[in-house]
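A.B. asks: Sequence and predicted structure are below.
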Amino acid sequence: MKTINMMIEILISLVWMSTASAMDVSLQWDPNTESDLAGYKVYYGIDDLSNPIQQDVNLQTDVTISGLNPDRNYSFAVVAYNTSGLESSFSNVVKILETVSPVVSITGPANNAKISNTVSITANASDNVGVTKLEFYLDGILKATETVEPYQYSWNTLAVSMGTHTIIAKAYDAVGNVDSSTVSVNVVNDVTPPVITNITPINGSSLSGVVKISVDAHDDIGVTMVEFYANGTLLFVSNVAPYTYNWNTMLLPNSSYALTAVAYDNAGNIGQFSNGSVMVFNDTTAPMVTTFKIPTRASSTTVAISSFTATDNVAVTGYLITESATTPAADAFGWTASAPTSFTFSTAGNKTAYAWVKDSAGNVSAKRYATVNVTTSQCQI
């Protein structure tokens, strides 16, 4: 029998089943004309014909091989055999490549997302054999080709018009199977920085103790964060309005401080405002009672004060006289803005009066005291 050199026409159909997948391959070839022709055999195998499966089809010149795995490559050839069982050599070998496409999905940005400035486009892709490349398209134009993970592309949306744009990711395997994923996004580039107004305390304020810093911040899209600075040092970060911070100036040296507020929006635009400067002066020096004099004897529980003077590094703001030696609180009852000219004891007898002063920072002086013998006349029946 002569060597057969047949051309094979192959038709492929895929059949998907519930738990697996299968492929049917239809083969056709021209008949031989030898008088002793007895039939044909089909040889096929995974990848090559080194360990083939054979199927005798008798004198048919077509056959369908069923149940093949679409995940694998296959090779096919046909031989003719005569009445003595002798086989021809293989016909031309035809390869059928695996037909499973990669699976690709765009992981960011999300479909219908609003985006601005520079955005990272990311995608995941997998394949039964292996992904060889992934392409990113913007509005149908190829922008990047990635061959290794992670699959990502940095897109500067400032270079395109505002509005709807289409992102496509295409994944390929080694035999050219391809899959694609598409999302639409809305470019809303925000180039307007936030505006800060009404920062308090105002320029030139004199501060002490715990002071509330506050600002009003506005943006055409939305403020995402506000920072407070004093002389360039970050004090506090807030992402929720109202934007306020309780500044404990007692932790700082007495000095001049420039207060600055910086606001950010979601697009990274920055608005900044400085109120000029404020003066921090925390007075920790207590005032002092310099003189406190009352008569040594009195005939009434109300005793005239002959002298009550005091000094302070800033100013004396309050005066108080008590019968108790316990230091009074700066907000206790009875403080007066000027030195009293008399004091009334609760009872007669040998009495001691204690004089105190305070300043605007709430510092209270040490006591100064004087004694008096109070005698009152009594009516006898």
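C.D. replies: Thanks, I have the structure now.
A.B. asks: give the contact list for Val372.
C.D. replies: Listed by Cβ atoms under 8 Å, 6 or more residues apart in numbering, the contact set of Val372 reads Ile294, Pro295, Thr296, Arg297, Ala298, Val303, Asn350, Lys351, Ala353. The C-beta positions use only the backbone N, C-alpha and C, and glycine is treated the same way.
A.B. asks: Tabulate those residues (CSV), appending secondary structure and neighbour count.
C.D. replies: Compiled in CSV, the contacts of Val372 are given as follows (DSSP: H, G, I helix; E, B strand; the rest coil; neighbours: other Cβ atoms under 10 Å):
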residue, secondary structure, neighbour count
Ile294, coil, 23
Pro295, coil, 14
Thr296, coil, 9
Arg297, strand, 10
Ala298, strand, 18
Val303, strand, 21
Asn350, strand, 9
Lys351, strand, 19
Ala353, strand, 19
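A.B. asks: Export those to JSON lines and append columns for pLDDT and distance to Pro193.
C.D. replies: Output for the contacts of Val372, formatted as JSON lines (pLDDT from 0 to 100; distance: Cβ to Cβ, whole Å):
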{"residue": "Ile294", "pLDDT": "97", "distance to Pro193": "68"}
{"residue": "Pro295", "pLDDT": "97", "distance to Pro193": "73"}
{"residue": "Thr296", "pLDDT": "96", "distance to Pro193": "75"}
{"residue": "Arg297", "pLDDT": "96", "distance to Pro193": "77"}
{"residue": "Ala298", "pLDDT": "95", "distance to Pro193": "74"}
{"residue": "Val303", "pLDDT": "97", "distance to Pro193": "69"}
{"residue": "Asn350", "pLDDT": "96", "distance to Pro193": "75"}
{"residue": "Lys351", "pLDDT": "96", "distance to Pro193": "70"}
{"residue": "Ala353", "pLDDT": "97", "distance to Pro193": "64"}
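A.B. asks: and of these, the nearest to Asp173?
C.D. replies: The shortest gap between Asp173 and any of the contacts of Val372 belongs to Ala353, at 100.4 Å (Cβ to Cβ).
A.B. asks: residue contacts, the closest one?
C.D. replies: Per Cβ under 8 Å, 6+ apart, neighbours of Ala353: Phe292, Ile294, Val303, Ile321, Thr322, Glu323, Phe343, Phe345, Tyr369, Ala370, Thr371, Val372.
A.B. asks: Got phi/psi on Val223?
C.D. replies: Main-chain torsions, Val223, degrees, to the nearest 10: phi -80, psi 130.
A.B. asks: since we're on it, how many residues are nearby?
C.D. replies: For Val223, the neighbour count with other Cβ atoms under 10 Å is 22.
A.B. asks: try Ile167
C.D. replies: 25.
A.B. asks: nearest spatial neighbour of it, skipping sequence neighbours?
C.D. replies: The shortest distance from Ile167 to any non-neighbouring residue, by Cβ to Cβ, 6 or more residues apart in numbering, is to Val183 (5.2 Å).
A.B. asks: give me the element that neighbour is part of.
C.D. replies: With elements taken from DSSP states H and E, the one containing Val183 is strand 178-187.
A.B. asks: as a whole number, average confidence for that strand?
C.D. replies: Confidence for strand 178-187, expressed as mean pLDDT, is 95.
A.B. asks: Can you show me the CA trace of that strand as CSV?
C.D. replies: C-alpha atoms of strand 178-187 as CSV (Å, rounded to 0.1, in the frame of the first residue of the first chain):
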residue,chain,number,x,y,z
VAL,A,178,-9.1,35.9,25.1
ASP,A,179,-11.5,37.3,27.6
SER,A,180,-12.4,40.9,28.4
SER,A,181,-13.9,42.9,31.2
THR,A,182,-15.5,46.4,30.9
VAL,A,183,-16.4,49.1,33.3
SER,A,184,-17.7,52.6,32.7
VAL,A,185,-16.5,55.5,35.0
ASN,A,186,-17.4,59.1,35.4
VAL,A,187,-14.4,61.5,35.4
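A.B. asks: by contact count, what packs against it?
C.D. replies: strand 103-108, strand 114-115, strand 118-126, strand 163-173 (3 or more Cβ pairs under 8 Å, 6 or more residues apart in numbering; DSSP states H and E).
A.B. asks: Can you tell me which of the contacts of Val372 is nearest Asp312?
C.D. replies: Ala353 (21.0 Å).
A.B. asks: ok, now how distant is that closest one from Asn275?
C.D. replies: 48 Å (Cβ to Cβ, to the nearest Å).
A.B. asks: Ok, Ile167 next?
C.D. replies: 45 Å.
A.B. asks: beta partners for the closest residue to Val57 other than its chain neighbours?
C.D. replies: In space, and not counting its chain neighbours, Val57 is closest to Val63: 4.7 Å by Cβ to Cβ, 6+ apart. Taking DSSP bridges as the rule, Val63 bridges to Leu27.
A.B. asks: okay, now the nearest residue to Tyr43 once chain neighbours are set aside: neighbour count?
C.D. replies: Closest residue to Tyr43 apart from its sequence neighbours, by Cβ to Cβ, 6+ apart: Pro52 at 4.2 Å. Neighbours of Pro52 under the rule other Cβ under 10 Å: 17.
A.B. asks: Report the residue ranges of every domain in this protein.
C.D. replies: 9-96, 103-187, 195-280, 288-374 (automatic domain parsing).
A.B. asks: least reliable of those going by mean pLDDT?
C.D. replies: domain 9-96 (a mean of 84).
A.B. asks: what's the burial count for the spatially closest residue to Trp335 that is not a sequence neighbour?
C.D. replies: Counting by Cβ to Cβ, 6+ apart, Trp335 lies nearest to Gly318, which is 4.0 Å off, once chain neighbours are set aside. Look at Gly318: counted by other Cβ under 10 Å, it has 23 neighbours.
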